[in-house]
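K.L.:
Build me a structure from this.
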Amino acid sequence: MTDTATEAKPTAARAGGIVEKALRRSKAMRLIARFDFYDIAIVVLIAALAVIALCTYKDYAISNDEGVQHHYGELIIAYYTSGLHDQSVFSFENLYLYGGLFDIIAVALSHLSPLDPYDLRHILCALTGIGGIGATAAVARLIAGPRAALIAAIGLSVCGVWYGTMFNHTKDIPFAAAMMGATLFLIRIARRLPSPRAGDVAAFGLLTGAALGMRVIGLLLVIYAGFAIVLYLPWCGHGRARWRFVLDSSLRLLPALLLAYVVMILAWPWAALAPFNPIRGLLEFSEFQYSIRTLLDGQVYEMANVPRLYVPIYILIRVPLPILFGAALALTFALLPRLVAGSKEPQRKDIALVSLAVIFPLACEVIGHGPAFTGLRHFLFVLPALAILAGIGIDSALSILAARSRVLASGGLAVVTTCLLWDAVTLARLHPYEYLFYNPVVGGLAGASRRYDLDYWFDSMPEALNQLEAYLRRTAAVDASWPVQVYSVAVCGERLSFEKNVTLPQLRFDFKPQWNQSEFFIAPTHMNCDGDLDGKVIGTVERLGVVIAYVKDRRALIPSVATAAR
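P.N.:
Have a look, this model is predicted:
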């Protein structure tokens, strides 16, 4: 009897353990079931993008603006740490016309991190860009649900002009992400007017201030807020009630604008010197007259003389077709709600607000005939809104197809998936020059070559420089122990990127009095810069069968093959 009882206890314990594990598993399954499949997919996508960014950030070159922007951040910090006595920040080129929020953060963190400051900038910018994708998904989910959110997030992720600039466009991407984050909270506010949540108001103020703390065009958010009040105005009541709604809504948004102003002046010292300096800055930007040239359909233009449709045309040819097609569907369904069963009025208002974020700045550019260059670089902030519209439009189209036939819906989903996957594969083949993506409207990269802006910041310089160094190692006795003889390298790009990537001490950034005295030449095909100097082609940087940069040996064309080090 005793032996039997002794054996029964562990058996019961094991049985109890099995039941407990089964209960825990069941509880976990119920918890997972609470989350939508599309929501889980979005989280996986964001996590995957973060991992990819952390594994590839070193592949991206230092952009032309990063050197001056980083120094601008140092000057802002010096201004504050000196008790506002160090005024050099106000005379550093034209940077005082910009906010320096990203640069302040990057400089501050560089003092705490062992990473190279520019590697750190690229990581921060990439993570901010991924945050912009997350905000895009959040807005699309708020308006049309999880599936629309996933489509929008994937669409923006495979948009080369977004992903490819996400690492080193450290002014444009953070600004665009802040604009989209502010738009998310503006929609949340608008739905609850005239009594929005205090947390939403505070978040809108912080993100609006962050946008203004980088570019003054963040003032667009103030216009969007005014439009939201009018858009969500209850038209069924009498006149006094409507005016009361406008007044109460404006007063509730006032703390957000005050908070935005505080954040802005902290990140943008020049804006604090006079109340109307932000307006002055906006007006000065509209009159910029740099000697910068740009390409449009093979025609060279000065930035101040580009055609009115310059930016819309670049959107048409650089944004993936699924995004353009989906955005067109969203606008069509919003204007013709009968096409979509179950369409709701609040959703249409949300779509109108998101549409404004695309249409209004483009309309201002076209009507005002503002200066423009480097394609979409200064209008990257409209891309998240376009992706949101695409997610909503494609999701609505799939719902219409599903109401007619499950086979049609499955076919439509397969087509969308194939198109997005094709764009993702194209970006992988372009890496790390994803920002050279052009859609089939112009025949892709091959059709855009020498007709439209390509590698305008010579991001391919590190790869070209590696080819030059490999060539010298094969053909000449050069190594780190023999720094006596040096070669001049004429570069159609910036010194900082060259010096951060060169490893051979025999190679020096163009130190000759004249370009044509240099022994080597590296240049992108952008603006036909590769044709500025002749020489024997010893290397090319290519993607998708298109040459985007050349490496040339010019020693046979000049009297002296090498020059002694100075």
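K.L.:
what about the residue nearest to Ile315 when sequence neighbours are not counted, distance to Asn466?
P.N.:
The shortest distance from Ile315 to any non-neighbouring residue, by C-beta to C-beta, 6 or more residues apart in numbering, is to Leu376 (6.5 Å). Every C-beta, even on glycine, is put in place using the N, C-alpha and C of the backbone. Leu376 is 29 Å from Asn466, where distance means C-beta to C-beta, to the nearest Å.
K.L.:
can you check Ala241 too?
P.N.:
Counting by C-beta to C-beta, the gap from Ala241 to Asn466 is 69 Å.
K.L.:
more crowded one of the two?
P.N.:
For Ala241 versus Asn466, neighbours defined as other C-beta atoms under 10 Å are more numerous around Asn466 (16 against 12).
K.L.:
Which of the helices or strands spans that one?
P.N.:
helix 461-475 (DSSP states H and E).
K.L.:
And that helix, what does it pack against?
P.N.:
The contact analysis (3 or more C-beta pairs under 8 Å, 6 or more residues apart in numbering; DSSP states H and E) places helix 461-475 against strand 485-491, helix 495-501, strand 507-509, strand 520-524, strand 536-543, strand 546-553.
K.L.:
got any ranges where the protein has weak pLDDT?
P.N.:
1-34, 236-237, 285-289, 341-346, 477-484, 560-566 (pLDDT under 70).
K.L.:
at 50 what do you get?
P.N.:
1-8, 561-566 (pLDDT under 50).
K.L.:
quick one: Thr417 and Gly134, what's the gap?
P.N.:
Distance from Thr417 to Gly134, by C-beta to C-beta: 21 Å.
K.L.:
Have a look at the two and say which one is more surrounded.
P.N.:
In this view Thr417 and Gly134 are compared by other C-beta under 10 Å, and Gly134 has more residues nearby, 22 against 13.
K.L.:
Tell me, how many residues neighbour the closest residue to Ala177 other than its chain neighbours?
P.N.:
Excluding its sequence neighbours, the residue lying closest to Ala177 (C-beta to C-beta, 6+ apart) is Gly132, at 3.3 Å. Using other C-beta under 10 Å, Gly132 has 27 other residues around it.
K.L.:
helix or strand for Gly132, which one?
P.N.:
In the assignment (DSSP H and E), Gly132 maps to helix 117-144.
K.L.:
Gly226: which of the helices and strands packed on helix 461-475 is closest?
P.N.:
For the helices and strands packed on helix 461-475, proximity to Gly226 was assessed by C-beta to C-beta; helix 495-501 is nearest, at 41.9 Å.
K.L.:
for the closest one, packing partners?
P.N.:
By 3+ C-beta pairs under 8 Å, 6+ apart, helix 495-501 packs against helix 461-475, strand 507-509.
K.L.:
Please point out which parts of that helix sit buried.
P.N.:
Of the residues in helix 495-501, 496-498, 500-501 count as buried by neighbour count, 16 or more other C-beta atoms under 10 Å.
K.L.:
related to what we said a few turns ago, dump the helices and strands packed on helix 461-475 to a markdown table, plus distance to Val263.
P.N.:
A markdown table is the format used below for the helices and strands packed on helix 461-475 (distance: least, C-beta to C-beta, whole Å):
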| stretch | distance to Val263 |
| --- | --- |
| strand 485-491 | 39 |
| helix 495-501 | 29 |
| strand 507-509 | 39 |
| strand 520-524 | 38 |
| strand 536-543 | 40 |
| strand 546-553 | 39 |
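K.L.:
out of the ones you listed, which comes closest to Leu421?
P.N.:
Closest among these, using C-beta to C-beta: strand 536-543, at 18.8 Å.
K.L.:
Run the chain-centre distance for the closest one.
P.N.:
29 Å (C-alpha atoms, centre = their mean, to the nearest Å).
K.L.:
next one: stretch 407-415
P.N.:
Distance of stretch 407-415 from its chain centroid, counting by C-alpha atoms, centre = their mean, is 30 Å.
K.L.:
Please apply the same query to stretch 213-223.
P.N.:
Relative to its parent chain, stretch 213-223 has a centroid offset of 17 Å by C-alpha atoms, centre = their mean.
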